[in-house]
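1. Any chance you can model this:
(one chain, ligands or ions: 1)
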Amino acid sequence: MAELTLALDIGGTKIAAGLVDPDGRLVHAAKKPTAEGDAERVWAVAEELITEAMAGGPVRGVGIASAGPIDLPTGTVSPINLTEWQSFPIVDRVASAVPGVPVRLGGDGLCMTLGERWRGAGRGADFLLGMVVSTGVGGGLVLDGAPYDGRTGNAGHVGHVVVDPDGEPCSCGGRGCVETIAGGPRMAQWARDHGWEAPAGADAKELADAANAGDAVALNAFRRGATAVAAMIASVAAVCDLDLVVIGGGVAKSGALLFDPLREALASYAGLNFLRGLRVAPAELGGEAGLVGAAALLDG
Ligand SMILES: [Zn+2]
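-> Numbers count the residues shown, from 1 in each chain. Now for the predicted structure:
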């Protein structure tokens with residue numbers, strides 16, 4: 001019987017495919033830029049990656065991580081940053097390409113969380129929020145030891161927790177979401193608006209360099225972003241009674257710049273007794289968490 005699971009990770013700019021062994025290790029991984037054009041051209045990229053990965057033999061099933069929104073009841077995806085795919089029937093397409101095995105779909109935030117829980121910083125946590133702070137802010141939930149999809153598969157969209165009722169407009173159509181303060185480009189923009197003399201094309205990475213060099217505005221931008229993330233975490237933890245939050249993504253890579261002010265702010269926001277033991281840890285798997293977690297969907 002086949003032991004490997006085929007995993008796909010569908011994002012706005014790239015599609016990745018991998019083979020995951022029963023211990024959660026990636027034994028094959030490849031990625032390609034998402035083709036521009038129409039839905040079929042994007043699918044052709046995914047199909048090529050599937051064919052390549054399947055050259056090694058049969059698999060026991062397929063797990064798909066996709067940028068959201070997704071629609072679990074219909075098996076379709078409409079990623080915000082992949083406009084070619086609107087209600088694209090990814091589950092049916094993959095099932096036709098890899099017939100005779102189960103195919104499971106999950107949000108990319110949920111899959112990152114499952115990956116970290118299987119092999120990374122989330123091991124052993126039964127009430128876990130996994131999240132990414134990068135260009136956007138996303139996440140996924142494990143509750144009572146099981147992945148929590150919600151009604152349509154979109155539970156865990158923590159980037160759109162409102163932390164400033166009078167805040168800036170957000171890409172989701174709302175305003176004041178944590179993503180409008182802590183998303184990498186938004187932090188860089190805030191710093192520019194407050195006098196940071198940024199190099200051309202500068203983003204969160206350059207902002208982190210400036211903060212590490214002692215630039216006061218850059219440090220404030222990180223403190224502001226971290227405080228917004230802490231407010232969101234305290235809110236979600238109070239609702240879901242969490243024990244651990246694992247944070248990955250580009251902005252989280254700046255380490256203490258994000259985590260120090262975040263832990264400090266969290267201590268002041270998370271006042272309830274049952275939140276005293278809430279831990280926040282950096283993610284361990286990096287970019288491969290989505291593929292590893294997609295494979296974990298088969299067992300969830
Ligand atoms: Zn939003």
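2. For the strand or helix carrying Ala267, C-alpha coordinates in CSV please.
-> Element membership of Ala267, judged by DSSP states H and E, is helix 256-269. C-alpha atoms of helix 256-269 as CSV (Å, rounded to 0.1, in the frame of the first residue of the first chain):
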residue,chain,number,x,y,z
ALA,A,256,12.7,39.8,18.9
LEU,A,257,11.6,42.9,17.1
LEU,A,258,8.2,41.4,16.9
PHE,A,259,8.1,38.9,19.7
ASP,A,260,9.4,41.2,22.6
PRO,A,261,6.8,44.0,22.2
LEU,A,262,4.2,41.3,21.4
ARG,A,263,4.7,39.4,24.6
GLU,A,264,4.8,42.6,26.6
ALA,A,265,1.5,43.9,25.1
LEU,A,266,-0.1,40.4,25.5
ALA,A,267,0.6,40.4,29.2
SER,A,268,-1.5,43.6,29.5
TYR,A,269,-4.3,42.5,27.2
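3. What residues sit buried inside it?
-> For helix 256-269, the neighbour count (16 or more other CB atoms under 10 Å) marks Leu257, Leu258, Phe259, Pro261, Leu262, Ala265, Leu266, Tyr269 as buried. All C-beta atoms are positioned from the backbone trio N, CA, C, and that covers glycine.
4. Put together a markdown table for those, with distance to the ion on each row.
-> Below are the buried residues of helix 256-269 laid out as a markdown table (distance: CB to the ion, whole Å):
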| residue | distance to the ion |
| --- | --- |
| Leu257 | 24 |
| Leu258 | 20 |
| Phe259 | 23 |
| Pro261 | 22 |
| Leu262 | 20 |
| Ala265 | 20 |
| Leu266 | 21 |
| Tyr269 | 20 |
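5. quick check, nearest of those to Asp92?
-> Checking the buried residues of helix 256-269 against Asp92 by CB to CB gives Leu258 as the nearest, at 39.9 Å.
6. circling back to that earlier point, may I see the buried residues of helix 256-269 arranged in a markdown table, with pLDDT and distance to Asp126 as well?
-> Shown next, in a markdown table, are the buried residues of helix 256-269 (pLDDT from 0 to 100; distance: CB to CB, whole Å):
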| residue | pLDDT | distance to Asp126 |
| --- | --- | --- |
| Leu257 | 95 | 30 |
| Leu258 | 95 | 25 |
| Phe259 | 97 | 23 |
| Pro261 | 97 | 28 |
| Leu262 | 98 | 23 |
| Ala265 | 97 | 25 |
| Leu266 | 97 | 20 |
| Tyr269 | 96 | 23 |
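7. Closest to Pro185 out of these?
-> Leu258 (15.4 Å).
8. surely the closest one meets Gly225?
-> Yes - using CB atoms under 8 Å, Leu258 is in contact with Gly225, at 7.1 Å.
9. what is in contact with the two at once?
-> The contact sets of Leu258 and Gly225 overlap at Val133, Val251 (CB atoms under 8 Å, 6 or more residues apart in numbering).
10. What residues of the longest helix along the chain count as buried?
-> When the chain is parsed with DSSP state H, its longest helix is helix 216-240. Buried residues in helix 216-240, counted by 16+ other CB under 10 Å: 217-238, 240.
11. Check stretch 81-92 too.
-> Neighbour-count burial for stretch 81-92 flags Leu82, Glu84, Trp85, Phe88, Pro89, Ile90, Val91 (criterion: 16+ other CB under 10 Å).
12. In helices only, show me those.
-> Those of the buried residues of stretch 81-92 lying in helices (DSSP H): Ile90, Val91.
13. tell me the secondary structure for the residue nearest the centre of the chain?
-> Nearest to the mean C-alpha position of the chain, counting by CA atoms, centre = their mean, stands Gly109 at 3.6 Å. When classified by DSSP: H, G, I helix; E, B strand; the rest coil, Gly109 comes out as helix.
14. Who are the contact partners of Ala218?
-> Here Ala218 is in contact with Ala191, Trp196, Leu207, Ala208, Ala210, Ala211 (criterion: CB under 8 Å, 6+ apart).
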